[in-house]
Structures are given as structure tokens and as C-alpha cells.
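K.L.:
Next come a sequence and a model predicted from it.
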Amino acid sequence: MMGSLRRITAVAGNTFLEAVRQKVFAVLLVFGLVLIFGANYFTEFSFQEQFKFLKDLGYAAISLTGLLVGLLGAAQLIPGEIERRTILTALCRPLRRWEFIAGKYVGLALLLAVMVGVMAVAVAGVLGWKEAQLIARDGSDPAVTAAIRAEARDPRLIQAVLLVEVKLAVVAAVAVFFSTVATSTTFVMAMTLMVYLIGHLESVAREQWLESGEVVSWMTKAFLAGVAFLVPDFNLYNLIDEIVAGNAVLWRSTLEVIGYSAIYITVLLTAASLIFEGRDI
Amino acid sequence: MTGSLACLLLLGWGGTKISWEKAMTQAQRKATYGFRGPTAVAIREKVGQGLALAALGGFRGLAANALMLQAHTAWEQQQWVRVRSSLELATLLQPRVAVFWDTASWHLAWNAAVAAERYGGESNETRRRIEARRWVEAGRDLLERGTKAVPERALLFQRLGDLYWQRLGDYQAAAECYREAISKGDAPPYLERFVGYALDKAGDKKAALAYFRDLRAQMGSPPAPERRPEVVDREIQRLEKELSGGAPSKK
Amino acid sequence: MGWFRGRVLALEGLDMEVQRGEVFGLLGPNGSGKSTAMKMILGLLRPTSGRAEVCGYRAGTIAARRQIGFLPENPYFPNFLSGAELVRYYGRLSGMGGALLEKRILELLELVRLGGEAGKRPLRTYSKGMLQRAGLAGALVGDPEILMLDEPTAGVDPAGSREIRDLILELRGRGKTVIFSSHLLEQVEDVADRVIILHRGQKLREGRLEELLTRKKEWEVNVQGLKEEDRKELREWLEKRGAQVMREGAPRERLEDYFLRSLPEEKRR
């Protein structure tokens, strides 16, 4: 047990450090600039609209940055190691193959979590700055001030950050899965990106498959079924939009989506471990 | 061997997750009163490729924000048709964003209508008034759609009341809207008095008096200061005086 | 062998056995199947038919892998690590940790002569020879019975090669079994006890070097101090006994030994 944990941590730590050395955190600077630019751009709008724009921009930037890092990182995971032959020295240890997969994933997920955390703090900071700016401008009416503060310090934003992080964690698991199946880094990146995009259409496919009583060709039905079975439903994470819109979102809904994601990740990693077990290096 | 095991696992989970996803989607749909916005496929037909891709990638908010920006720019250039179409698309993409409907109705029922009345293309004043009225009605229709999309918040009902009051002169309808807004629980404190004002303006002073009396009674003791009990008291006195035969004082 | 490429028969009908405590050489040109054989012993590849066993365990199982330390050909190490950190990483990968691991790291770095300051520098400052030795330390961290080295002296300068070969002999002295592959045949000759020669996936020859290489029918004597005129007499005496002089003349030293002898003392490290 202890040994297992040590081994997984060793792989995870190495994966994480390698990414850090490659100056992956530099991309955060670009992110920061985007945010600052956005904060100053929309000043002629009402304060509710300004906050919505900022929150949307912030969370979209976090998602995109996370997606980028996730895709590039995923490419390193296994095909990259095979190309550089560093994998041989790792796998000839008394290290179980599933431990290797788990370690690789934990390393990547940790990297994403740290980045999302830092970026979320930055978003909160910019919102606070905006709050100060707006109160200085419009702050005569206490009701308005209270409303401005409520938008900036909305505690539901924590749910939004969690959902963004968990969505990225699922994408990372998809990337690890493809890593075990593929031999080239471009393949892994392309497939993961494709799953990401199709995932936003999965609910459409699922509903059409479940409910199409009309005469649809069996090929279409099979295709729809395939998408419904194999691709995650990324529209479930649209709760983020509700939170940004300022509407109430129950913790229960968020936790259910998080639970779904956790199970999905476990399934993907298990499948990846199984495939990796039988793979010749 | 392990490869087929992996396949089995994925397919097994695939089958299980479908019913779970369905349940979660239904729950989310219910929480948003059925208004989740159109599917990515439907979007593609209405917006440009860039925005459709953004929506597909899960960045629906950015796409809708871009459309609101477009509306804003069109407003600065007095291109009212473009204003309207951008607003309609934005509210179509993200029907659950209350502030979009709010801004949209403002552009249509206030900005566009006033512009049509003052600077409209028609030389005839009557024709311009009719044109303006069309814009106001467009704003009202839009706002009514909005209240169905975000029925749990006071904001849009309040705006609708404002629209009936300021742009259509229908004070009874305004009073109804304000009443509805208050029932949501997140209306600003002054709105409860507006119901009374609207009833008064509609000419139904009896109803206005009854309303203010009820309101004052509801406030309990000691009444919360932001509910301005002294203002309500003043209104009650004024209405009592008017109804008992005194000259109608300026309101 | 990826999914989308055709399957290639890399090895056929290989029967091989390595004894405990010997230094075993896998020889052959590129593509002869040496790496394939090693990977099967390590469990990285699965044989399509037949079996591989390590110390009684099936190759590829955790128990088997615990017995082997492997140094691949031209390894890329994460070169931001230092020598010590590399050994620590491999130790952790084998499930070790804590004070025990730290002690082991120091011991091994001393053994491969990367102790002290050298072990603390990042790997990217190392020469090829130092990299190989660091990799060797990493391979030894779990105290395995068997050491497998794929082309351990490829790309290493003569002084460094000699060091590695000395290390191999020292490991044998400690009771370890060493299996290595190389196509630098001169260097193999110095260390291996037994060898196997592969060609295009088939075994050509196998046996103890002594037996394989000794030209039993001949006998060599190196003589010093024999005068010119006595040489002729010696030749005649031998021919009278029915022997045939196959070669005569001053023997040559191997270039490698001459080179190493020429270097000043400290350069030989």
C-alpha cells in the first residue's frame, strides 16, 4: 500500500516537475493580460452586464488555457515518453502498469488544478478591482452598492470554479486514455480535442437516439448510439452559465455533476490501465 | 484480452451513464424552467461560424456577450434593425440571463422608439408615432418572453411594469407587474409602494388606498426603516383626504 | 510494434540460459534481435510463443522485475534532475523511500564514482560516460540480482568505457549477474564469461568465451631477451619437432591499452 502510494507519487511528481520546467506557467501571464484588458473594455455597460462579461471572459479563459495545457501535457504523457525512451527505465521497475497510469494522470490533474486555482484567484481579484471601480463611479445609492458587491463576491462562483476544474479533469482523463492507445502525440491531441467538441453535442445525439421514433437509417442510429455511449456529456457543465447569469444553482446539482465526473475519470483510467497492461513497448 | 475487457468496461459504463445524464439534464432543465438555450446545431443556422464554434466549445456566454456588444455598436450607429436582430439572437442563445432581456427591452421600447418618434424617416408625425409604438410593443413582447424564461426573479417583471407605466400608459397592467415582481422576494424595497402609485395613477384610488393600508399593516412594529413607513402614511392620508371629497392634490 | 504496422518476426527459436554470477554477452549486428530478447526478459514485450523466466518467476511479473536492473541504450533522462535526484526517482519508482533510500543513494553514487559534487550537478552537464554510470546507479538502486545493460559503452570515450567495464567486473565480484549486449566486440572480450551470437533473429553460436575463442591447436609464447641469431635456431628446433610456425614477430599492444597508458593519471578517470 505504502509502496504503491510512493510509486504513484514518484510518477506524478516527475510529470508535474517536467511540465513546470517547460515553463508552462508562463502561459498564465498571457491569461492575466487578457483579463486586465477585458476589465477595462466594457465600461459603458450596466454594472450587471460588466460583471457578466468579466466572469464569462474569466472562466472561458481559464477553460481555454486549461484545455491548451491539458492537450499539450497529454501529448507528453505516454507517446512523448515512448519517443524519448524514458519510459523503458520506468516500466522495468517493480512498478505496476496501472500505477504508472495513475501517476501520470495525477501529475497532469494536479498541474491543471494548480493552474485553475491561480487563475480563479486572479479572476476574483479582477472582480474585486471592478467592484471598487464601479462603487467609486456609481456608489451613491446604498442599494446599488450592495448589488455591486453581491455580484463581485457571489459565493456561487466557487461552484463555477469547481465545475471548470472538474470538466478539465475529465478532458485530462480522456487524454490519458488515448495516450495508451496511440503512438503519436498529434493523434492524442487531435482525438482529445475531437472528443471535447463532440461532447458538447452528445446530449443532442443522445436525445435523438432515445427518442427518434421516426424512420432513421440504421447507420445514423448506430452513429448516434455510438456518440451517446462513448462520449461524455459536456453540456452538463453549463451550470456555469447559470452561475454567471446570477441565477441560483443548488450545491446538489453541482455535486452531482462532480460525482459523475469522478466516476467517468475512474472508468477512463481503468480502461487505460487495462489497455496499457497488454501493450508491447 | 485486456483490450476487450477495457472495451466492455467502456460500453458498460456508456450504457449506465446515459440514464444518469438524462436524469441530470432533466433536473437542470427543470431548474431553468425549460430554457437551456438552443442546441449547438440550431445555433449554427442563425449565427456566423465563429460564434457557432464558440457556442459549440462550451463558450456560449462569450458568443452571447459578443452579440450584445454588436447590439451596442449598432445602437451607437442608430442601426435599429441590427440592434433588434442582435438582441434577439443574444436572448435566444442565453435566455436565462435576465440582464440581457432588460437591456434588450430598453433598447427597443425606449431608445429605438424615441428615435423613431423624433428622427424617424417618415415626415408625417402620426406615422412616426405609429412606428414608435411598434418598437414599444416589440420591447413589451420581448420582455414578456423574458419573464417566462427567468420567472423566478423580480427584475424583468419590474421592467415590464416600468414599460407599461412609462411607454404604454397602462397603469393597471403596471400595478399587476409590480405585484408579481414583489412576490419573487428579490425586488428592491421601494417597489412595493409603486403598486399603490400605479393604482392611483390608473384612477382607482379606492384600490390604492386599500393597498397602502394593507401594506402599512403588514409592516408590523417596529417597521423596518427602508420600507419608509412615513411615506406610506403620507400616501394613506393624502388618499383619504381625496376620497372624502377634498380637492385632488398634485401627486 | 504498433497497431498499424505489420508484425515482424524479431526472434525465432531462441533457447538461452544465463547462470547466476556470470557476465553474459548478447552479440550481433543491428536488427539481430538483441533488444527484443532483452525486452522479453524485462517483460516489456510478450513472446508470441515460448516462455521467459527470471529467477524462477515468469518474466514481466513484479517479482521478476524486482530482480532486474535495466539500463537501456541511449537513455534520455529527465535532464533537469541531478545524478542523486535521478537515483532517488528510480528508487521511489521501485517503492523505496525514506532514510533507507538516502543511504542507498550515497552508496551507489560512491560505487559508480559519482559521489560528492558530481552527483549534485544536473544531468545535462554530464558526459556520456557519466550519464551511463548514473543510469547504472539508478538500475542498481533496488539491489537487483541481475543487471541488464543495452550497449553500455556505446558513445563513451575509451577511459569511460574502461570504467564501465571495471564496474561490471566489480559487480560480478559482488555476486551479481550481468547481461549485456554490445556490438563493440573488443570491449565484450574483456568482460564477458559467456556469449551468444545472434543474427537476423536466430542463434548462431553460444558458449564460454574461453572455449569459443581459444585456438586449441595453437600455442603462444611471448619471449623477451632472445637474440636475433637464436631466433633462427629456435625456428629450426620447432620445425624439427613437427610444429609449424604460424606467426612470428614483435607482438602488438592493443591501441586502447596504449592510449590509456599514454594519458596522464587523472585523465583516466
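P.N.:
In hand now; what should we look at? Every value quoted in this text rests on a predicted model; they were computed, and no experiment measured them.
K.L.:
Pull up the per-residue confidence for the residue of the stretch 151-269 of chain C found nearest chain B.
P.N.:
Per C-beta to the nearest C-beta, residue C:201 is where the stretch 151-269 of chain C lies closest to chain B, at 26.1 Å. Glycine gets a C-beta too; all of them are placed from N, C-alpha and C. Residue C:201 is assigned a predicted lDDT (pLDDT) of 80.
K.L.:
which stretches of the stretch 1-150 of chain B have low pLDDT?
P.N.:
Applying pLDDT under 70 to the stretch 1-150 of chain B flags the ranges B:40-41.
K.L.:
which parts of stretch C:73-83 are buried?
P.N.:
C:73, C:75, C:76, C:77, C:78, C:81, C:82, C:83 (16 or more other C-beta atoms under 10 Å in any protein chain shown).
K.L.:
Pull the contacting residues for the residue of the stretch 151-269 of chain C closest to chain B.
P.N.:
If a contact means C-beta atoms under 8 Å, 6 or more residues apart in numbering or on different chains, then residue C:201 has C:9, C:10, C:11, C:12, C:32, C:33, C:36 as its contacts.
K.L.:
Is the third one part of a helix or strand, or is it coil?
P.N.:
By that I understand residue C:11. In three-state terms, and counting by DSSP: H, G, I helix; E, B strand; the rest coil, residue C:11 is coil.
K.L.:
For it, which residues are in contact?
P.N.:
C:33, C:36, C:37, C:40, C:198, C:201.
K.L.:
export the helix or strand hosting residue C:187 as PDB, just CAs?
P.N.:
Assessed by DSSP states H and E, residue C:187 sits inside helix C:185-191. Presented in PDB, the C-alpha positions along helix C:185-191 are these (Å, rounded to 0.1, in the frame of the first residue of the first chain):
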ATOM      1  CA  LEU C 185      33.300  -6.700 -29.800                       C
ATOM      2  CA  GLU C 186      36.700  -5.700 -28.500                       C
ATOM      3  CA  GLN C 187      35.200  -4.500 -25.300                       C
ATOM      4  CA  VAL C 188      33.000  -7.500 -24.900                       C
ATOM      5  CA  GLU C 189      36.000  -9.700 -24.900                       C
ATOM      6  CA  ASP C 190      37.400  -8.100 -21.800                       C
ATOM      7  CA  VAL C 191      34.400  -8.800 -19.500                       C
END
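K.L.:
can you list contacts of it?
P.N.:
C:23, C:25, C:27, C:153, C:161, C:165, C:168-169, C:178, C:180, C:182, C:195, C:209, C:213, C:254, C:256.
K.L.:
again, only using 6 Å
P.N.:
C:23, C:25, C:153, C:161, C:165, C:168, C:182 (C-beta atoms under 6 Å, 6 or more residues apart in numbering or on different chains).
K.L.:
Next, count neighbours for the closest residue to residue C:72 other than its chain neighbours.
P.N.:
For residue C:72, ignoring the flanking residues on the chain, the nearest one in space by C-beta to C-beta, 6 or more residues apart in numbering or on different chains is residue A:88 at 4.5 Å. Look at residue A:88: counted by other C-beta atoms under 10 Å in any protein chain shown, it has 23 neighbours.
K.L.:
now residue A:88, what's its secondary structure?
P.N.:
helix.
K.L.:
Now the residue in the stretch 51-200 of chain B positioned nearest to chain A: which helix or strand?
P.N.:
Distances between the stretch 51-200 of chain B and chain A by C-beta to the nearest C-beta are smallest at residue B:61, namely 3.7 Å. Element membership for residue B:61 (DSSP H and E) is helix B:60-76.
K.L.:
Are we agreed that residue C:204 is in a strand?
P.N.:
Yes. Under three-state DSSP, residue C:204 sits within a strand.
K.L.:
Does it touch residue C:195 like I think?
P.N.:
No. If you go by C-beta atoms under 6 Å, residue C:204 and residue C:195 don't touch, sitting 10.6 Å apart.
K.L.:
Show me the helices in the stretch 51-200 of chain C, by range?
P.N.:
C:62-66, C:83-93, C:98-111, C:117-120, C:128-140, C:158-173, C:185-191 (DSSP state H, counting those that start in this stretch).
K.L.:
I misspoke; the intended subject was the stretch 51-200 of chain B.
P.N.:
B:60-76, B:80-93, B:98-105, B:113-119, B:125-149, B:155-163, B:171-183, B:191-201.
K.L.:
by contact count, what packs against the fourth one?
P.N.:
This points to helix B:113-119. helix B:125-149 (3 or more C-beta pairs under 6 Å, 6 or more residues apart in numbering or on different chains; DSSP states H and E).
K.L.:
Burial check on residue A:183, number of neighbours?
P.N.:
Counted with other C-beta under 10 Å, residue A:183 comes out at 15.
K.L.:
so it, which of the three states?
P.N.:
Applying three-state DSSP: residue A:183 is coil.
K.L.:
Quick check: it vs residue B:205, distance?
P.N.:
84 Å (C-beta to C-beta, to the nearest Å).
K.L.:
buried set for stretch C:175-192?
P.N.:
For stretch C:175-192, by 16+ other C-beta under 10 Å, it's C:176, C:177, C:178, C:179, C:180, C:181, C:182, C:187, C:188, C:190, C:191, C:192.
K.L.:
before we move on, what about stretch B:160-179?
P.N.:
Neighbour count says stretch B:160-179 has B:160-165, B:167-168, B:170-171, B:173-179 buried, by 16+ other C-beta under 10 Å.
K.L.:
gap between the two ends of that stretch?
P.N.:
11 Å (C-alpha to C-alpha, to the nearest Å).
K.L.:
Tell me how far that stretch lies from the chain's centre.
P.N.:
Centroid separation for stretch B:160-179 versus its chain: 13 Å, with C-alpha atoms, centre = their mean, to the nearest Å.
K.L.:
pLDDT of that stretch, averaged?
P.N.:
Rounded mean pLDDT across stretch B:160-179 is 94.
K.L.:
Stretch C:50-58 too?
P.N.:
83.
K.L.:
what do you get for stretch B:205-213?
P.N.:
Mean predicted confidence for stretch B:205-213 is 90.
K.L.:
if we can go back for a sec, could I get the contacts of helix C:185-191 in JSON lines, plus columns for distance to chain A?
P.N.:
Formatted as JSON lines, the contacts of helix C:185-191 follow (distance: C-beta to the nearest C-beta, whole Å):
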{"residue": "C:23", "distance to chain A": "20"}
{"residue": "C:25", "distance to chain A": "20"}
{"residue": "C:153", "distance to chain A": "18"}
{"residue": "C:161", "distance to chain A": "21"}
{"residue": "C:165", "distance to chain A": "21"}
{"residue": "C:168", "distance to chain A": "18"}
{"residue": "C:182", "distance to chain A": "17"}
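K.L.:
Close to chain B: what parts of the stretch 151-281 of chain A are there?
P.N.:
When proximity is defined by C-beta under 6 Å from any C-beta of the partner chain, the stretch 151-281 of chain A lies next to chain B at A:200-201, A:203-204, A:228-230, A:233-234, A:236, A:241, A:244-245, A:247, A:267, A:271, A:274-275, A:277-278.
K.L.:
Out of the helices of the stretch 51-200 of chain C, flag the one nearest residue B:209.
P.N.:
Residue B:209 lies closest to helix C:83-93 among these, at 82.4 Å (C-beta to C-beta).
K.L.:
same for that closest one, what does it pack against?
P.N.:
Looks like helix C:83-93 contacts helix A:2-21, helix C:98-111, helix C:128-140 (3+ C-beta pairs under 6 Å, 6+ apart).
K.L.:
Could I get the contacting residues of the closest residue to residue B:201 other than its chain neighbours?
P.N.:
Closest residue to residue B:201 apart from its sequence neighbours, by C-beta to C-beta, 6+ apart: residue B:171 at 4.3 Å. Taking C-beta under 6 Å, 6+ apart, we find residue B:171 in contact with B:198, B:201, B:202.
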